[in-house]
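A.B. asks: no FASTA, just this:
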């Protein structure tokens, strides 16, 4: 005799459906570049649908945006790039405060004009950083939404950005949100990574917390 079929409680089913809807909404949340007072750029992906189908197009700028950067080229210590990624919602919730807190540490740094990229992936920061003439590129990007985390921001740091850089040549800080790594803690950790990258002139797997480089108390290592 077989047992009775098991049913998912209505409350759990509704909670799952709500979480799924929030994750989907985060992906399609519209990026408002005007909120960041930066230079608005676009990737080679023409719209959100193409961006989701063609990750390669999100890794490079449109021809018009690439031409736009030529007038901004200089010699900068760091370029901050805000990209919508897979959660523009995360960008709007976390990036402004993170930028404010980390730039407060950067007295004496020459900072490139802020760029804000629609339909952007992580690697688009390499092209932008190189075009601006920046020694360091820092990309703030919306991470893939999870069922419990539709607004998680990631930060990727790359020394001497240029086309063809690999993920092994970057440092990443992830899960930046109120329920994860707070923007204050992320700003402190990012500042430490930026300082070490500038001092050692490298980033990626060779730049990692060790006995000589530990985050201050209260900030997770890694």
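C.D. replies: Perfect, thanks for sending it. It should be emphasised that the depicted structure is a prediction, and the values quoted were computed from it without experimental measurement.
A.B. asks: Just say helix, strand or coil for the closest residue to residue 86 other than its chain neighbours.
C.D. replies: Once flanking residues are discounted, residue 86 sits nearest to residue 144: 4.5 Å by Cβ to Cβ, 6 or more residues apart in numbering. The way it works is simple: take the backbone N, C-alpha and C, and place the C-beta from them, glycine included. Assigned by DSSP: H, G, I helix; E, B strand; the rest coil, the conformation of residue 144 is coil.
A.B. asks: shift numbering so it begins at 59
C.D. replies: Okay, residue one is now 59; in that scheme the one you just asked about reads as residue 202.
A.B. asks: count of residues packed around residue 202?
C.D. replies: Using other Cβ atoms under 10 Å, residue 202 has 15 neighbouring residues.
A.B. asks: cool, and residue 102?
C.D. replies: That count, for residue 102 with other Cβ under 10 Å as the rule, works out to 19.
A.B. asks: looking at it, it is touching residue 119, isn't it?
C.D. replies: Yes: using Cβ atoms under 8 Å, residue 102 is in contact with residue 119, at 6.7 Å.
A.B. asks: Output the below-cut-off pLDDT ranges for the chain.
C.D. replies: 59-66, 68-87, 204-206, 267-280 (pLDDT under 70).
A.B. asks: now the helices: where do they sit in it?
C.D. replies: 68-86, 106-111, 121-127, 146-161, 182-190, 241-258 (DSSP state H).
A.B. asks: angle of the last one against helix 146-161?
C.D. replies: Orientation note: helix 241-258 sits at an angle of 60 degrees relative to helix 146-161 (axes from the mean of the first three to the mean of the last three Cα atoms, to 10 degrees).
A.B. asks: Check which helices and strands helix 241-258 sits against.
C.D. replies: In terms of contacts (3 or more Cβ pairs under 8 Å, 6 or more residues apart in numbering; DSSP states H and E), helix 241-258 is packed against helix 146-161, strand 194-200, strand 211-217, strand 228-234.
A.B. asks: The closest residue to residue 152 other than its chain neighbours: neighbour count?
C.D. replies: Nearest residue to residue 152, sequence neighbours excluded (Cβ to Cβ, 6+ apart): residue 211, at 4.0 Å. Using other Cβ under 10 Å, residue 211 has 28 other residues around it.
A.B. asks: How about residue 264?
C.D. replies: There are 12 residues near residue 264, going by other Cβ under 10 Å.
A.B. asks: Tell me the spacing between it and residue 255.
C.D. replies: Residue 264 sits 10 Å away from residue 255, going by Cβ to Cβ, to the nearest Å.
A.B. asks: next one: residue 194
C.D. replies: 6 Å.
A.B. asks: Can you check which residues contact both of these two?
C.D. replies: The contact sets of residue 194 and residue 255 overlap at 215, 217, 261 (Cβ atoms under 8 Å, 6 or more residues apart in numbering).
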